[in-house]
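Novice: Here is a sequence together with a model predicted from it:
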Protein chains: 2
Amino acid sequence: MDDLKYKQKMQRRKEVQEQRLAERNQEKGLIIINTGNGKGKTTAALGMVMRSLGHGYKVAIIQFIKGAWEPAEKAVLGRWEGQLEFHAMGEGFTWETQDQARDTEKAIAAWEKALEYITNPEYRLVLLDEVNIALKLGYLDVKTVIAGLEQKPEDSHVILTGRGAPKELIEKADLVTEMTLVKHPFKEQGVKAQAGIEF
Amino acid sequence: MDDLKYKQKMQRRKEVQEQRLAERNQEKGLIIINTGNGKGKTTAALGMVMRSLGHGYKVAIIQFIKGAWEPAEKAVLGRWEGQLEFHAMGEGFTWETQDQARDTEKAIAAWEKALEYITNPEYRLVLLDEVNIALKLGYLDVKTVIAGLEQKPEDSHVILTGRGAPKELIEKADLVTEMTLVKHPFKEQGVKAQAGIEF
């Protein structure tokens, strides 16, 4: 492409971009879903947690399936004591416990804790990590979760992660991303989970 | 599902899971690509940066397209001075500059800086943010990038983000995730970029 054409092309792109930005002027708290079978659902949510912390906002994380904070995440996020609340309500992966009544009880307790933060206007971002799994396994009812999301203050964000997000939840959400696996070293090369990548 | 069936189902899942973990025993530095038109490509990479920092690893971030660190990211990642190196080599989005020769020059300089970190065994994770855009726009040659990736130490990870990752790069990578847009408030509701979410 010659220089003049390049300049013209980039000029047009700039105009389109500026027009788009001018049209988008609504401030709105978002219901965000990261779903799909690929990697990056929780990791992308953690990136948003990090950004919100950087803005000085209060953030709450509720883990629905895992039973503890990963040490590396704790080493980083633990620095925001007072600004970040963390609750791990699950107890290891569900196949560790093998007790349906107990798993359901834990999930409901996690949801009740989550609802406190969702309805609290001091918290600008609430991350419900792996909540979609709890919905999928029937530990939580999607209607209950949607009713809770309807109570959130207008300018706060809620992120819901986990594969298999139910349709009703997707309909309710503002921003939905599906992470799709294109290539995965675990499956194809027998590579184990890597520090700094998976945990 | 009755209690016994549930217990049996979860027991089987546990066995499958344990067998899988036993089969996956290879430690390996990964070439990771986050691509696609959806959100979360850079955000998921930042989540991995955070985990690596939590493990005490040295990390380098090279931004190929954006010209500066977002203030919120800086407020968080700036706390890891000495452990995290950051270079923003672009100069605003490309449609701001409208000068092909200059854009190419910047991208090549960014790549040269990146290569220093990629080949340095002290750095366990190198994030080449939006490098796929630089490849797509022809500022960088994919062969050059692949030749560089081949020089990385065995146990270090490189993450390449941006839509439109070239095929040759995908073939070379270990872990490739495509972020697909299911629903986006910018497009559908005129919502502007939100602090804590987009930046």
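Specialist: That came through fine.

Novice: For the rest of this, base every contact and every neighbour count on C-alpha atoms.
Specialist: Fine.

Novice: where in chain A is pLDDT low?
Specialist: Along chain A, the model assigns pLDDT under 70 to residues A:1, A:20-26, A:67, A:90-98, A:185-192.

Novice: Kindly spell out which helices and strands sit in contact with the helix or strand hosting A:Glu171.
Specialist: For A:Glu171, the host element (DSSP states H and E) is helix A:167-172. When contacts are defined as 3 or more Cα pairs under 8 Å, 6 or more residues apart in numbering or on different chains; DSSP states H and E, helix A:167-172 packs onto helix A:142-149.

Novice: related to what we said a few turns ago, now do the helix holding A:Glu171: everything it contacts.
Specialist: Contacts to helix A:167-172, defined as Cα atoms under 8 Å, 6 or more residues apart in numbering or on different chains, come from residues A:Ile31, A:Ile33, A:Val142, A:Ile146, A:Val176.

Novice: Based on its surroundings, how many neighbours for the fourth one?
Specialist: Put plainly, it is A:Ile146. Using other Cα atoms under 10 Å in any protein chain shown, A:Ile146 is surrounded by 14 other residues.

Novice: Tell me how far it lies from chain B.
Specialist: For A:Ile146, the distance to chain B (Cα to the nearest Cα, to the nearest Å) stands at 17 Å.

Novice: Compute the distance between that residue and A:Glu130, please.
Specialist: Plainly put, A:Ile146 is 16 Å away from A:Glu130 if you go by Cα to Cα, to the nearest Å.

Novice: Repeat that for the second one.
Specialist: For A:Ile33, the distance to A:Glu130 equals 10 Å [Cα to Cα].

Novice: what distance separates stretch A:64-76 from the centre of its chain?
Specialist: 15 Å (Cα atoms, centre = their mean, to the nearest Å).

Novice: Please export the C-alpha coordinates of it as PDB.
Specialist: Written as PDB, here are the backbone C-alpha positions of stretch A:64-76 (Å, rounded to 0.1, in the frame of the first residue of the first chain):
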ATOM      1  CA  PHE A  64     -18.400 -21.500  44.200                       C
ATOM      2  CA  ILE A  65     -16.500 -24.700  43.400                       C
ATOM      3  CA  LYS A  66     -12.900 -24.400  44.600                       C
ATOM      4  CA  GLY A  67     -12.400 -24.600  48.300                       C
ATOM      5  CA  ALA A  68      -9.400 -22.300  48.700                       C
ATOM      6  CA  TRP A  69      -7.500 -19.400  47.200                       C
ATOM      7  CA  GLU A  70      -4.600 -20.500  45.100                       C
ATOM      8  CA  PRO A  71      -1.400 -19.400  46.800                       C
ATOM      9  CA  ALA A  72      -0.100 -17.300  43.900                       C
ATOM     10  CA  GLU A  73      -3.400 -15.400  43.600                       C
ATOM     11  CA  LYS A  74      -3.400 -14.900  47.300                       C
ATOM     12  CA  ALA A  75       0.100 -13.500  47.200                       C
ATOM     13  CA  VAL A  76      -1.000 -10.900  44.700                       C
END
